[in-house]
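Engineer: Coordinates only, no sequence provided:
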């Protein structure tokens, strides 16, 4: 290798060869290959501090405004007490200053000298007399000084009273009170106490982090510390959201996974709560690169943010849905389309709330159908019944049979969709799967179906329907993703009996909240997850509710689900129903058809019904006739919604005339018949 070898990256520094690389470099002259450890692309620190970056600025502002508002309320409530205490301290201060002046005038040190001379006996008589005379002179001189000061102060105050306006006495009086209160306040007892108690933690430094890593008992780290090589910090320890973050390179042979697997020991070494210590690998780097984030406080003490779609907005099941936040408070989104979900947790750990987030996301997309089967019998998902095509809640045999029927129907629907999709031109079905455009075409009946089965163990363990339901579920999970059929399975008993391997081994998205042991942990998250450090057993009962390991897009990550209680879910479901009613897509249970066996309503067929013998109709006329004929379905249907749905079906909406009417927007009967045939 010649000395003028350059890097591809201009900003990177050229690192000279170490002594142990010299032989390899020399071998290049003989044509043999050699690996030279050069500096990678340099990582540039952000120009804008992380706290002031666009993504973090709202949280930074909320923190400081909230802190200021808390302090204002805290001190405002105590202001009268502060005033009384300050005045009392000022009185004490005046007394203390007066006492000091008297003691200074009295010259107690002279009395000490006189007493010592008297105690010495007859030889000290002359010394005692001199001390006594000196005391008289000192007291007289100091008395004249005090008298002069008092006369001067009295003269100044008299002149000020006669010449200075009363408004000027306010700051003078405040200053005098503050000075006197300062002298009268007991030591160590301030009048105004802090509104916020500073957290008792030690700011992490490279030395503290290195010490904590050295306590893990890993030979590679211990050797690096012993030899003085230490740990290489790629970035400084910096503020990162509600905590600190840094990237570092572990010694050779030590992987980030080893640190993740020892997270509890690392938390002990850092003297931080376990839920505030989050090491993770850096997927885009080598296995020895570790990203460490250390929170200010226990994650359970932070307030979870509101679900972004709780008050407004429409979801898209073909895109990512908001699911929760990571420990740093950053949003976490998850896929729904082409994904099947498994949610596992012990009772009371937030499983139902996680299911609500997924179900509410599906409900807020009018292009998707929602089927809900809740086998706890508590009605935890009942608010969503008003938008469901199929809905059941209960533990009885009829409820279980209903769910088994749903899985059998989904299996048949999968096969129907497979045949329909084959007839669609290839350019309209990229990668051979359903798209949003295809789902919007009512005639194809390819709308995504999100089917939720909460407490699914009660279905799969049923003596009569369990085995068949499990087989149907496994079939749908294996083949249904591309056809828009999504299963969301939730259980508080994740074991091989209640959750067959054919199901648990094939789901693509997993969320594991607190579980009792390693077996349950690996059933939900996948084999060896516990060994690799993804331990949902470490979460605390109740305290860490909603916190779990999420495995949806890549390696598992910590996520805290948005919390949706029953009243919030009710409001979301009502908004979703209004949205679906306007789009004319309510069907099944939502329309009172509680047996759920009816096929999804065909908008084109309904339009054709209200045409009667007319050849042409305005969209306004169609909307009015539908609302009159089928009020339970189309009572809120607008003219714009009619036009939009007709265009989605491929029916031309154009200018035309009804018999005896003026020109307006509408469609022809023949065009509607063409899409219903």
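Structural biologist: All right, it came through fine. This one's a predicted model, so the numbers in the text were calculated from it and none came from an experiment.
Engineer: Checking the closest residue in space to residue 241 that isn't next to it in sequence next. Helix, strand or coil?
Structural biologist: In this structure, residue 241 finds its nearest non-sequential neighbour in residue 328, 3.9 Å apart by C-beta to C-beta, 6 or more residues apart in numbering. For glycine as for every other residue, the C-beta is placed from the backbone atoms N, C-alpha and C. What DSSP: H, G, I helix; E, B strand; the rest coil gives for residue 328 is coil.
Engineer: Just read off the phi/psi values of residue 328.
Structural biologist: phi -90, psi 0 (degrees, to the nearest 10).
Engineer: Offset the numbering so it begins at 229, please.
Structural biologist: From this message on, residue numbering opens at 229, which makes the last subject residue 556.
Engineer: Against residue 848, how distant is the closest residue to residue 844 other than its chain neighbours?
Structural biologist: Spatial nearest neighbour of residue 844, chain neighbours left out: residue 884 (5.0 Å); criterion: C-beta to C-beta, 6+ apart. Plainly put, residue 884 is 12 Å away from residue 848 if you go by C-beta to C-beta, to the nearest Å.
Engineer: What of residue 549?
Structural biologist: Taken as C-beta to C-beta, the span from residue 549 to residue 848 is 36 Å.
Engineer: Which one's more surrounded, those two?
Structural biologist: Under the criterion of other C-beta atoms under 10 Å, the comparison of residue 549 against residue 848 puts residue 549 first, with 22 against 17.
Engineer: helix/strand/coil for the spatially closest residue to that one that is not a sequence neighbour?
Structural biologist: Excluding the flanking residues, the one nearest residue 549 by C-beta to C-beta, 6+ apart is residue 589, at 3.8 Å. The three-state label given to residue 589 by three-state DSSP is helix.
Engineer: Tell me which residues touch residue 871, please.
Structural biologist: For residue 871, the contacting residues are 847, 881, 893, by C-beta atoms under 8 Å, 6 or more residues apart in numbering.
Engineer: My reading is that residue 598 lies in a helix. Confirm?
Structural biologist: No: using three-state DSSP, the assignment for residue 598 is strand, not a helix.
Engineer: Now for it: which residues touch it?
Structural biologist: 587, 590, 591, 612, 615, 616, 617, 677, 678, 680.
Engineer: I'd like to know how far the first one sits from residue 494.
Structural biologist: Look at residue 587 and residue 494: by C-beta to C-beta, they are 37 Å apart.
Engineer: now swap in the third one and tell me
Structural biologist: For residue 591, the distance to residue 494 (C-beta to C-beta) stands at 41 Å.
Engineer: can you check the fourth one too?
Structural biologist: Relative to residue 494, residue 612 is positioned 41 Å away (C-beta to C-beta).
Engineer: Please work out the average pLDDT along stretch 574-587.
Structural biologist: Mean pLDDT, stretch 574-587: 92.
Engineer: Same check on stretch 770-789?
Structural biologist: 87.
Engineer: buried set for it?
Structural biologist: 772-780, 784-789 (16 or more other C-beta atoms under 10 Å).
Engineer: just checking, what packs against the helix or strand harbouring residue 640?
Structural biologist: Assessed by DSSP states H and E, residue 640 sits inside helix 625-651. On a contact count with 3 or more C-beta pairs under 8 Å, 6 or more residues apart in numbering; DSSP states H and E, helix 625-651 meets strand 597-602, strand 618-621, strand 677-682, helix 685-688, helix 694-707, strand 713-719.
Engineer: tilt between that helix and helix 694-707?
Structural biologist: 30 degrees (axes from the mean of the first three to the mean of the last three C-alpha atoms, to 10 degrees).
Engineer: after helix 625-651, next one along is what?
Structural biologist: helix 664-667.
Engineer: Tell me how far that next one lies from the chain's centre.
Structural biologist: Centroid separation for helix 664-667 versus its chain: 31 Å, with C-alpha atoms, centre = their mean, to the nearest Å.
Engineer: neighbouring contacts of it?
Structural biologist: Helix 664-667 has contacts (C-beta under 8 Å, 6+ apart) with 544, 546, 595-596, 649, 652, 656-657, 672, 674-676, 712.
Engineer: Which one of these is nearest to residue 865?
Structural biologist: residue 595 (16.9 Å; C-beta to C-beta).
Engineer: Could you look up the SS state of that closest one?
Structural biologist: coil.
Engineer: same question, residue 562
Structural biologist: strand.
Engineer: Identify the residue spatially nearest to it, adjacent ones excluded.
Structural biologist: Using C-beta to C-beta, 6+ apart, the closest residue to residue 562 is residue 551 (4.3 Å).
Engineer: sorry, back to before: now the contacts of residue 871 in JSON lines, with pLDDT and neighbour count?
Structural biologist: Below are the contacts of residue 871 laid out as JSON lines (pLDDT from 0 to 100; neighbours: other C-beta atoms under 10 Å):
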{"residue": "847", "pLDDT": "94", "neighbour count": "22"}
{"residue": "881", "pLDDT": "93", "neighbour count": "17"}
{"residue": "893", "pLDDT": "93", "neighbour count": "15"}
